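sequence first, then the predicted structure, then my questions.
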Amino acid sequence: MAEADRLSAARQVLAEAESAASAAAPRSAGPGTAESSADPASVARRIVLRQLAMGPRTRRQLEDKLRDRGCAPEVAASVLDRMGEVGLVDDEAFAEMFVRSRQETKGLAAVALRRELRDRGVADEVVDAALEEIDPEREKDQARALVVRRLRTMRGLDRDVQTRRLAGFLARKGYGSGVSFQVIREALDDLPEHARD
């Protein structure tokens, strides 16, 4: 299913679930009636739906939020299982979208992407599958583009200083030293200020 279709279907399911949750909420809630007095599964669903309305979340992120809000583990598991069945909680789709997005917007390499996905609770096998799509040559091209962009702010600095700063910058983006030093050397060699006489 295309990403736009999946997103559209998830939005429709989300709207239906919110509507059902609203209809199930007690109508005569007077003063002193707290959300905690409602059905625990309904409360958990509303929490999850609010989180998903803000943006995609992994199952573990949602589990953590439910735990922080005092939701019983068995209720959380049941609600998240149901959300998974309807496609609202899908770590595989999250990982694929996350990899594409972070590569395009942040220029992150596979190492940094793996770390960020693990931090969000995505299972290793799901992370591996999402990262299989990364083309090493495209990653190297990204590193080149990042270096060229960053070099604009470093004109006039000593070559060693530029190299050190660029290597640190690429390391924070998850690029290995082999790729980093290759693209840095190429970029610096192309600069007129470092041209050999």
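The structure has been received and is ready for your questions.

residue 113 is in contact with residue 131, isn't it?
Yes: the pair residue 113 / residue 131 is scored as a contact, 6.3 Å apart, by C-beta atoms under 8 Å. Just so you know, the C-beta spots here come from the backbone N, C-alpha and C atoms, and that holds for glycine as well.

higher neighbour count, these two?
With neighbours defined as other C-beta atoms under 10 Å, residue 113 and residue 131 compare such that residue 113 has more, 22 against 17.

got the contact list for that one?
98-99, 102-103, 130-131, 134, 174 (C-beta atoms under 8 Å, 6 or more residues apart in numbering).

give me the next element, helix or strand, following the helix or strand harbouring it.
If you go by DSSP states H and E, residue 113 is part of helix 110-119. Remark: after helix 110-119, the chain's next helix or strand is helix 124-131, criterion DSSP H and E.

ok, back up a step: now for residue 113 and residue 131: what residues contact both?
Common neighbours of residue 113 and residue 131, using C-beta under 8 Å, 6+ apart, are residue 99.

tell me how many other residues crowd residue 53.
Neighbours of residue 53 using other C-beta under 10 Å come to 10.

on the pLDDT front, check it for me.
Looking at residue 53, its pLDDT reads 90.

give me the distance between it and residue 98.
Separation of residue 53 from residue 98 (C-beta to C-beta, to the nearest Å) stands at 18 Å.

tell me which residues in stretch 65-78 are buried?
Neighbour-count burial for stretch 65-78 flags 65-66, 71, 75-76 (criterion: 16 or more other C-beta atoms under 10 Å).

I meant to write stretch 90-103 there.
For stretch 90-103, by 16+ other C-beta under 10 Å, it's 90-91, 93-99, 102-103.

farthest pair in those residues?
Using C-beta to C-beta, the buried residues of stretch 90-103 reach their maximum pairwise distance at 90 and 103, which is 19.6 Å.

between the two ends of stretch 68-79, how far is it?
15 Å (C-alpha to C-alpha, to the nearest Å).

what does it contact?
Contacts for stretch 68-79 (C-beta under 8 Å, 6+ apart): 36, 40-41, 43-45, 47-48, 62-63, 66-67.

can we see that at 10 Å?
Stretch 68-79 is contacted by residues 35-36, 39-49, 59, 62-67, 89 when judged by C-beta atoms under 10 Å, 6 or more residues apart in numbering.

which among those end up buried?
40-49, 59, 62-63, 65-66, 89.

at the geometric centre of this structure, which residue sits there?
Residue closest to the average C-alpha location in the chain (C-alpha atoms, centre = their mean): residue 98, at 4.0 Å.

ok, now which ones touch the residue nearest to that residue when sequence neighbours are not counted?
In this structure, residue 98 finds its nearest non-sequential neighbour in residue 117, 6.3 Å apart by C-beta to C-beta, 6 or more residues apart in numbering. Residues in contact with residue 117 (C-beta under 10 Å, 6+ apart) are 58, 91, 94-95, 98-99, 102, 123-124, 126-128, 130-131.
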